[in-house]
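1. got a sequence here, can you model it:
(chains A, B, C and D)
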There are 2 protein chains.
Amino acid sequence: MSSNGSRRRDVTVADVAKAAQVSKAQAARALGNYGAVSEEVRERVLAAAEELSYRPNELARSMNTGKSHTIGVVVGDIENPHFGLATRGITDTAKKSGFNVILVNTDEDTAAEIDAVRVLLDKRVDGLIVAPASSVETQHLQRVQDSGRPMVLLDRKAGQMDIETMAVNMADISYESTRHLLQAGHRRIAFISTLTTESPYRPGMLLDSSQIADRLDGMQQAFQEQGLPFPEDLVRLNACDAESIRRITRDVLRVPNPATAVVASDGLIALSIVEAIQDLGLAIPADVSFLMYDDFAWTRLTTPPLTVIAQPVYNMGAAAAKALIRKIEGLPPLTPAPKFTATLVRRGSVGTLRTAEAHS
Amino acid sequence: MSSNGSRRRDVTVADVAKAAQVSKAQAARALGNYGAVSEEVRERVLAAAEELSYRPNELARSMNTGKSHTIGVVVGDIENPHFGLATRGITDTAKKSGFNVILVNTDEDTAAEIDAVRVLLDKRVDGLIVAPASSVETQHLQRVQDSGRPMVLLDRKAGQMDIETMAVNMADISYESTRHLLQAGHRRIAFISTLTTESPYRPGMLLDSSQIADRLDGMQQAFQEQGLPFPEDLVRLNACDAESIRRITRDVLRVPNPATAVVASDGLIALSIVEAIQDLGLAIPADVSFLMYDDFAWTRLTTPPLTVIAQPVYNMGAAAAKALIRKIEGLPPLTPAPKFTATLVRRGSVGTLRTAEAHS
DNA sequence: CCCCGATGTGAGTCCGGTCTCAATCGTAAG
DNA sequence: CTTACGATTGAGACCGGACTCACATCGGGG
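-> Residues are numbered from 1 along each chain as shown, chains lettered A, B, ... in the order given. Here you go, the predicted structure:
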């Protein structure tokens, strides 16, 4: 234990050069595999390096090549399997191209995101992949863009900014799944999301998340096309913790003219919502239909299995990494830009409403 | 915003110094908040830095402080919520102390792990947190240890090596949960794990994972104490993909003298096992009891809710980060070392076996 | 009035690599 | 026997900060 006081400077090219009895420059050339080095010197140097178990200092290397072979990834919450899978796609792809990943969690907090981006830039990452917490507060992203550092967005757009973004078209799939619910006779459809806002939902309000805004647009369009009124009173945001989710669920189901279908905006709150529904003594889909975003494996195990909106999350992560690396290497973006489509996976949690009620 | 030239080089202390009309050394002192600087100079420098939007190059800073304020985390699979949560614990704690996290996925492959450790060392991370893929092949970890770089293990021990490790005592909880099953009358208990081995399980064989070895030890002890024979034929490893899991599940349940209880070694295979059981037309717990490691939220949603072994994964990650940072800062390890205990959460998936069968 | 320590300051070195440049060597062409 | 040209080689200048050291400057104690 106490023996670790021995000062242990690591081996440098200079040490290797001395051992191989050549100049520092020659040793560096042999080790870095560049320039002209005679076979004899190369062998001597490599042997010496091996002997001293020399390892290059990537920090020093990065400093004068300007490349760190590291990309920064900023997400809201790795704990969420949605991002877990996306991160997997990113790291797998990055590794294949020789890049490492620095991961930062923001807890969906814009202040933390701003900080994260700054720190990563300071660390001179070669590029950034960001899942922006907000589609509105995007000055920090604009600054990255201006600085010329490659960046790709994941999952969510950032306001009007023209940044390559890997995300599914939420309006489309939301429209499609809302039609599915409408066709099953549902008119009172609740939409519950974790999105934090200062005031309750009002039609036309500016939402911090392009994702959620797009989903609501899709829903509204489906209602409108059928000449039906969109049940704005059933759009519920700020479902942040288990307690508030429970309250909101009760709120939309245990009232006069309750929701007959509930849409959960992500896989994490879906869990709490289903629990809350069960606690209320209601059965899915007999009493209330249920639909959720994200196709997690466990959704096949419940009784009944849940109808979900599956997003190609891994592929989106992989594509984001691929696109970023192209940018880093100065290649033009792939054309056509990759498109990602979510699919409605119909399992057993959406039931048909009796016509009498549907026409009420 | 107007001075936004297409200049590629970023602003350095030298630039700031020139703008503030002081020497590079003074500018560095003012910016780095060290040494003696007059109030007037400090203000001029900071103003110039602000004006030029100067940001320190952490790479350069790291190079001569020797500290990168970055820790490397090597895990088998972030996609697995078990590691997702642990990673969350690590990043949260690291951030609080001003450390960043470089994350590497090994796919539980030792070769990838060796590579990951080498790369992280080359990047001069201040320390490493590793969840070793193997408890046997640990030379690379020994090398890290010898190099004096701080390291903490997570989740799994590494052979005989004396490295601080944050993990639950698997033998204890395995013993406890096996007793639970035995008391419910089960004698034919299957244990299914993803652990990859070259040959099928044989009693006493050297297992690559201390985790699995400990769990089997715990099971054996429980059986032994009751004077009951341990059903070695029901220990099944190599349950790597959905297909093999399906085959194995059928294999232990659809044979003469089948298993009456199944233990799933992690949350990921648990999903496939439950599915396979359902596909076989068997009911939990009426036909077969089920117990799994890891308490994922969805286990409360199935019918019946699943009995699980809950591990304080987030806390283990957080403690690993805390311990590592203490090491990095040269502080002695916390005493007493933090202990983590898993708990058996009895829900509905373990049923009592009829005595007649239990005595067969 | 002079010496002393405390405070400010600039020049320059160092970290560990990459890379430029000029010098050297060998040898084939003239 | 020169001359020229490509392959090798070493010295040293970077990269962008941290830090050492020598040299002011200034106020107070003796």
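2. could you measure from the closest residue to DNA strand D within the stretch 201-350 of chain A over to chain B?
-> Of all residues in the stretch 201-350 of chain A, residue A:328 sits closest to DNA strand D, at 17.8 Å by CB to the nearest atom of the strand. All C-beta atoms are positioned from the backbone trio N, CA, C, and that covers glycine. According to CB to the nearest CB, to the nearest Å, residue A:328 and chain B sit 14 Å apart.
3. and that residue, what does it touch?
-> By CB atoms under 8 Å, 6 or more residues apart in numbering or on different chains, the contact set of residue A:328 is A:71, A:126, A:127, A:150.
4. between these, which has the most around it?
-> When neighbours are counted by other CB atoms under 10 Å in any protein chain shown, residue A:71 leads those with 29 neighbours.
5. is it located within a helix, as I assumed?
-> No: read with DSSP: H, G, I helix; E, B strand; the rest coil, residue A:71 is strand and lies in no helix.
6. tell me the bridge partners for it.
-> Per DSSP bridges, the residues bridged to residue A:71 are residue A:101, residue A:127.
7. ok, it touching residue A:321?
-> Yes: under the criterion of CB atoms under 8 Å, residue A:71 makes contact with residue A:321 at 7.2 Å.
8. okay, now the residue of chain A found nearest chain B: neighbour count?
-> Taking CB to the nearest CB, chain B has its nearest neighbour within chain A at residue A:298, 3.6 Å off. Using other CB under 10 Å, residue A:298 has 22 neighbouring residues.
9. again, but for residue A:198
-> With other CB under 10 Å as criterion, residue A:198 counts 7.
10. can you tell me the SS state at it?
-> Strictly by three-state DSSP, residue A:198 counts as coil.
11. could you report the pLDDT at it?
-> Residue A:198 carries a pLDDT value of 91.
12. now swap in residue A:204 and tell me
-> Taking residue A:204 on its own, its pLDDT is 86.
13. distance check, residue A:216 against residue B:312.
-> Distance, residue A:216 to residue B:312, using CB to CB, to the nearest Å: 39 Å.
14. over to residue A:263?
-> With CB to CB as the criterion, residue A:263 and residue B:312 are 34 Å apart.
15. returning to that earlier point: could you name every residue contacting both of residue A:71 and residue A:321?
-> Shared contacts of residue A:71 and residue A:321 (CB under 8 Å, 6+ apart): A:90, A:94, A:99, A:129.
16. right, and the last one touches residue A:322 too?
-> No: taking contact to mean CB under 8 Å, the distance of 10.7 Å between residue A:129 and residue A:322 leaves them out of contact.
17. when those two are compared, which one has more neighbours?
-> residue A:129 (28 against 21).
18. residue A:166 pairs with what?
-> In beta-bridge terms (that is, DSSP bridges), residue A:166 pairs with residue A:154.
19. neighbours around it, how many?
-> Quick note: residue A:166 (other CB under 10 Å) scores 28 neighbours.
20. so it is in contact with residue A:151, correct?
-> No: in this structure residue A:166 lies outside contact range of residue A:151 using CB under 8 Å: 11.9 Å.
21. using PDB, write down the CA coordinates of stretch A:333-352.
-> Extracted C-alpha coordinates of stretch A:333-352, given in PDB (Å, rounded to 0.1, in the frame of the first residue of the first chain):
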ATOM      1  CA  PRO A 333     -23.500  14.500 -45.900                       C
ATOM      2  CA  LEU A 334     -25.000  11.300 -47.300                       C
ATOM      3  CA  THR A 335     -27.600  11.900 -50.000                       C
ATOM      4  CA  PRO A 336     -30.400  11.300 -49.700                       C
ATOM      5  CA  ALA A 337     -30.400  12.000 -46.000                       C
ATOM      6  CA  PRO A 338     -31.400   8.900 -44.100                       C
ATOM      7  CA  LYS A 339     -35.100   8.800 -43.200                       C
ATOM      8  CA  PHE A 340     -36.500   7.100 -40.100                       C
ATOM      9  CA  THR A 341     -40.000   6.000 -39.900                       C
ATOM     10  CA  ALA A 342     -41.700   4.800 -36.700                       C
ATOM     11  CA  THR A 343     -44.200   2.000 -37.000                       C
ATOM     12  CA  LEU A 344     -47.400   1.300 -35.200                       C
ATOM     13  CA  VAL A 345     -47.100  -2.200 -33.700                       C
ATOM     14  CA  ARG A 346     -50.700  -3.300 -33.000                       C
ATOM     15  CA  ARG A 347     -50.800  -5.700 -30.100                       C
ATOM     16  CA  GLY A 348     -53.600  -6.000 -27.600                       C
ATOM     17  CA  SER A 349     -54.000  -2.800 -25.700                       C
ATOM     18  CA  VAL A 350     -56.200  -0.900 -28.100                       C
ATOM     19  CA  GLY A 351     -59.800  -2.100 -28.100                       C
ATOM     20  CA  THR A 352     -62.900  -1.100 -30.100                       C
END
